[in-house]
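Q: Okay, structure incoming, though there's no sequence with it:
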Ligand SMILES: NC(=O)c1ccc[n+]([C@@H]2O[C@H](COP(=O)([O-])OP(=O)(O)OC[C@H]3O[C@@H](n4cnc5c(N)ncnc54)[C@H](O)[C@@H]3O)[C@@H](O)[C@H]2O)c1
Ligand SMILES: O=C(O)C[C@H](O)C(=O)O
Ligand SMILES: [Mn+2]
């Protein structure tokens, strides 16, 4: 029995909480708790008087206090634990803190610190915010999901924990990623925290360290594979659809072996997408589009090399191809400009390939310079194919060496170099080195955050090419437009919207992305672009979460998006 009922306005935004509890129950629930910010009247009505100290403080005073405490924590991991505990005690205060300096706090609740959190999950677990399905409870998935029905779930971020950032299988610990992504749904898209559900599909782990660790709290078995794995995901998907037919399901950090299969199996069945494939493709296209403004060139003038042909890499290739085709290029011609490499070098049709790699595999017979697999090495492909855009999604630290980067510089005056692998320790090259090697000519953006770089008397701001600029807006656009499915065109629209947010001031400093403090502004633009795409494609319908019908009218959709935003300020509590 929940102690609160959400009270909505016509736009589906929460305007108040109706609380059917008193005393400590109100204080100990992170949605209703205000700590020392309960007003005198609330202290009276909800029998809190005496349970908190006498002085009434404002939310902004509480935020200042929290900032001071975080300042004293020595490591980012400690800072995470503090923010997380705040989230568990008082979700409004936690989000008010995050939005007081989103640039600073995003690097703690999200990339890169969240990587450490996933790795230490078993020793830091205190309280659950999300769901853990495992073979022992998956048959009860529907019953378990129904416990969240009153929260009116709008977005779930779901991981099977196998492809966490660039650090691989993290067992049950992957759920920290889901929570981090959802915190950014709240920060960017204003989707209130109660509408967000992090879900771990704990099908076991093949991480030897975790399997040997007696403290490990996940399902202590090797991973389910093959039909057992697919049946498990199927049970989850069916239950999710039954309980939350209108909610968005974001698949996150599945390993490449399953990421494409799971996405494609449910793309027409659930309102779903894969963030690593599609969100990453979209954000990377956004960065390239911004770079085109600096270079005064077109997408069709570039040759693309993607180092790391996994979920992110192939997603980027698909998105670049879609954008080239939209500009009028034939599919074969577009594909010919995109080279993918994996740990064995250039992906070619003459070797045995996982199906997801086939589309971008090159026919060696069609490449006059390719005689043996040695010719598929990174530097050689850059030189022979004339690569102008180099993208890293390999998770391999330092593999964009000076030799590699200067090879791209030999092909173009302003090479585009995007080391996208996360967390920071996995990045293919650090921006400072890239600017030094290219004398500031490279156009750089990274997956993890980096400080600005001084080079030759100029300061370069390193844009963050991270799908955070895409997924919250896709989610809000889908929810607001009532889209019945998530289509590829949404991600092209999202990329253009994000690229349009890069100001001339940003471009003058070499930045291919807006600064993170503009996350919400960018997200709303992306959401509107996505909602319009849904209307254009004929998949919009009445939004299930509001009283507002706007399924054919872009102007009304914009209005809905602007009004669906939950802000981290205390809600009125109604008795
Ligand atoms: N910036 C972003 O928004 C973003 C989004 C998604 C993924 N990523 C990052 O990209 C990286 C990969 O993620 P993923 O989900 O695609 O993983 P993945 O496992 O699906 O793909 C990794 C790919 O890298 C290839 N690879 C491994 N070693 C290599 C080597 N030495 N040389 C060339 N290729 C090699 C593998 O063959 C595989 O194809 C991670 O570090 C992740 O954090 C960043
Ligand atoms: O989580 C991130 O920071 C981006 C991306 O989804 C990743 O897997 O690296
Ligand atoms: Mn991811």
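A: Now that the structure is in, tell me what you want to look at. What you are looking at is a predicted structure, and each value in this text was computed from that prediction instead of being measured. Ligands and ions are numbered 1, 2, ... in the order given.
Q: quick one: contacts for the residue of the stretch 401-550 of the chain found nearest ligand 2?
A: Nearest residue of the stretch 401-550 of the chain to ligand 2, counting by C-beta to the nearest ligand atom: residue 422, 3.8 Å away. Every residue, glycine included, has its C-beta placed from N, CA and C. Contact analysis of residue 422 by C-beta atoms under 8 Å, 6 or more residues apart in numbering lists 111-112, 115, 165-166, 447-448, 466.
Q: I'd assumed residue 313 was in contact with residue 393.
A: Yes - Residue 393 lies in contact with residue 313 (C-beta atoms under 8 Å); the separation is 4.1 Å.
Q: shared neighbours of these two, anything?
A: 306-307.
Q: so the residue of the stretch 401-550 of the chain closest to ligand 2, which of the three states?
A: coil (DSSP: H, G, I helix; E, B strand; the rest coil).
Q: confidence score at it?
A: Note on residue 422: pLDDT of 95.
Q: So it versus residue 378, what's the distance?
A: Look at residue 422 and residue 378: by C-beta to C-beta, to the nearest Å, they are 20 Å apart.
Q: Residue 276 and residue 438, how far apart?
A: 28 Å.
Q: So those two - more neighbours on which side?
A: residue 276 (26 against 21; other C-beta atoms under 10 Å).
Q: So the more buried one sits against residue 260, correct?
A: No - in this structure residue 276 lies outside contact range of residue 260 using C-beta under 8 Å: 10.3 Å.
Q: who touches both of those two?
A: residue 311.
Q: Now do the contacts for the closest residue in space to residue 520 that isn't next to it in sequence.
A: Of all residues not flanking residue 520 in the chain, residue 188 sits nearest, at 5.6 Å (C-beta to C-beta, 6 or more residues apart in numbering). The neighbours of residue 188, taking C-beta under 8 Å, 6+ apart as the test, are 468, 472-473, 476, 519-520, 522-523.
Q: swap in residue 238?
A: So residue 238 contacts residue 141 (C-beta under 8 Å, 6+ apart).
Q: Let me know the distance separating it from residue 263.
A: Counting by C-beta to C-beta, the gap from residue 238 to residue 263 is 17 Å.
Q: again with residue 65
A: Taking C-beta to C-beta, one finds residue 65 at 43 Å from residue 263.
Q: If you count surrounding residues, which of the two has more?
A: Comparing residue 65 with residue 263 by other C-beta under 10 Å, the one with more neighbours is residue 263, at 22 against 15.
Q: Assign the more buried one to helix, strand or coil.
A: Going by three-state DSSP: residue 263 is helix.
Q: Worst mean pLDDT across the helices and strands of this structure, which element?
A: helix 121-124 (a mean of 90; mean pLDDT, DSSP states H and E).
Q: Partner strands of the helix or strand just after that helix, with direction?
A: Counting by DSSP states H and E, the element after helix 121-124 in chain order, helix or strand, is strand 131-133. Using DSSP bridges, the strands paired with strand 131-133 are strand 196-201 (parallel).
Q: Run a quick neighbour tally on whatever residue of the stretch 101-250 of the chain ends up closest to ligand 1.
A: Nearest residue of the stretch 101-250 of the chain to ligand 1 (C-beta to the nearest ligand atom) works out as residue 166 at 2.5 Å. Applying other C-beta under 10 Å, we find 25 residues neighbouring residue 166.
Q: Quick check on it: phi, psi?
A: phi -100, psi 20 (degrees, to the nearest 10).
Q: my guess is it contacts residue 424, does it?
A: No - if you go by C-beta under 8 Å, residue 166 and residue 424 don't touch, sitting 10.0 Å apart.
Q: Pull the contacting residues for the closest residue to residue 243 other than its chain neighbours.
A: Leaving aside its chain neighbours, residue 243 sits nearest to residue 145 (4.2 Å; criterion: C-beta to C-beta, 6+ apart). Contact analysis of residue 145 by C-beta under 8 Å, 6+ apart lists 131, 239-240, 243-244.
Q: next helix or strand past whichever helix or strand residue 505 is part of?
A: Per DSSP H and E: residue 505 is located in helix 504-508. Note on helix 504-508: by DSSP H and E, the next helix or strand toward the C-terminus is helix 519-536.
Q: Buried ones in that next one, by neighbour count?
A: Buried residues in helix 519-536, counted by 16 or more other C-beta atoms under 10 Å: 519-520, 522-535.
Q: next one: stretch 315-326
A: Quick answer for stretch 315-326 (16+ other C-beta under 10 Å): 315-324.
Q: What residue in the chain comes nearest to ligand 2?
A: Closest point on the chain to ligand 2, by C-beta to the nearest ligand atom, is residue 111, at 3.3 Å.
Q: what's the closest non-adjacent residue to that residue?
A: residue 422 (4.8 Å).
Q: From ligand 1, how far out is that neighbour?
A: Distance check for residue 422 against ligand 1: by C-beta to the nearest ligand atom, to the nearest Å, it reads 3 Å.
Q: quick one on the thing from earlier: what about the residue nearest to residue 243, is that helix, strand or coil?
A: helix.
Q: how far is stretch 521-534 from where the chain is centred?
A: Distance of stretch 521-534 from the chain centroid (C-alpha atoms, centre = their mean, to the nearest Å) equals 16 Å.
Q: could you check the distance from the residue nearest to residue 111 over to residue 568?
A: 26 Å.
Q: ok and the residue in the stretch 401-550 of the chain nearest ligand 3?
A: residue 467 (6.9 Å; C-beta to the ion).
Q: Not including adjacent chain positions, what is the nearest residue to that residue?
A: Nearest to residue 467 is residue 279, by C-beta to C-beta, 6+ apart, at 3.4 Å.
Q: and the helix or strand residue 272 falls within with ligand 1, contact?
A: Element membership of residue 272 [criterion: DSSP H and E] is strand 271-274. No - between strand 271-274 and ligand 1, judged by C-beta under 6 Å from any ligand atom, nothing touches; the nearest distance is 9.5 Å.
Q: Flag every buried residue along the helix or strand following that strand.
A: Using DSSP H and E, the helix or strand that directly follows strand 271-274 along the chain is helix 280-295. Within helix 280-295, the residues scored as buried using 16+ other C-beta under 10 Å are 280-292, 294-295.
Q: before we move on, what about stretch 12-22?
A: So, applying 16+ other C-beta under 10 Å, buried residues of stretch 12-22: 12-14, 17, 19, 21.
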